[in-house]
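# Turn this into a structure:
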Amino acid sequence: MANTTQAIESLAAEIGENVYIDIAKWHLYLNDAHLHTVVAQQLYSMLEDGNLDADKVGQVLQGIPVKLGGGKREVPLADLIPMQCQVQLMDVLEEFQRKM
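Modelled structure (predicted):
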């Protein structure tokens, strides 16, 4: 369990430093938005199983709600991450999986 927790934390750090959401041309990295850990937790099993797939990653991101305006509105994380960052996320995930 400790190894899995460490692996998820390591993955979360990679995601948090490389992937951002874009709001009004402001780039907020996922670690600053406190979203990197939830993303890593939800994607880690996909890496363990060897089932890494861009469509499945997109579905996971679609299922993570991000509260805006103090919770007045929720938007799926997938809608806030620019396409170039989704590609970067896939690169991070593929590299992490190679190292596993």
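# For this structure, just list every one of the helices.
With DSSP state H as the criterion, the chain has helices at 2-18, 36-49, 54-62, 77-80, 83-99.
# The first one: which residues count as buried?
In this case it means helix 2-18. Using 16 or more other C-beta atoms under 10 Å as the test for burial, helix 2-18 gives 7-8, 11-12, 14-16, 18. Where C-beta positions appear, they are placed from N, C-alpha and C, glycine not excepted.
# same deal with the third one?
Using 16+ other C-beta under 10 Å as the burial criterion, the residues of helix 54-62 that qualify are 57-58, 60-61.
# Taking the residues you listed, tell me the two that lie furthest apart.
Largest separation among these by C-beta to C-beta: G58 and V60, giving 7.3 Å.
# Give the residue farthest from the middle of this protein.
Within the chain, the residue lying farthest from the chain centre (C-alpha atoms, centre = their mean) is K72, at 22.8 Å.
# What distance do you get for the residue nearest to the spatial centre of the chain to K72?
In the chain, the residue lying closest to the centroid (C-alpha atoms, centre = their mean) is V39, at 3.9 Å. Noted for V39: a distance of 23 Å to K72, by C-beta to C-beta, to the nearest Å.
# re the thing from before, what is the nearest of the buried residues of helix 54-62 to M83?
Among the buried residues of helix 54-62, G58 lies closest to M83 (C-beta to C-beta), at 10.7 Å.
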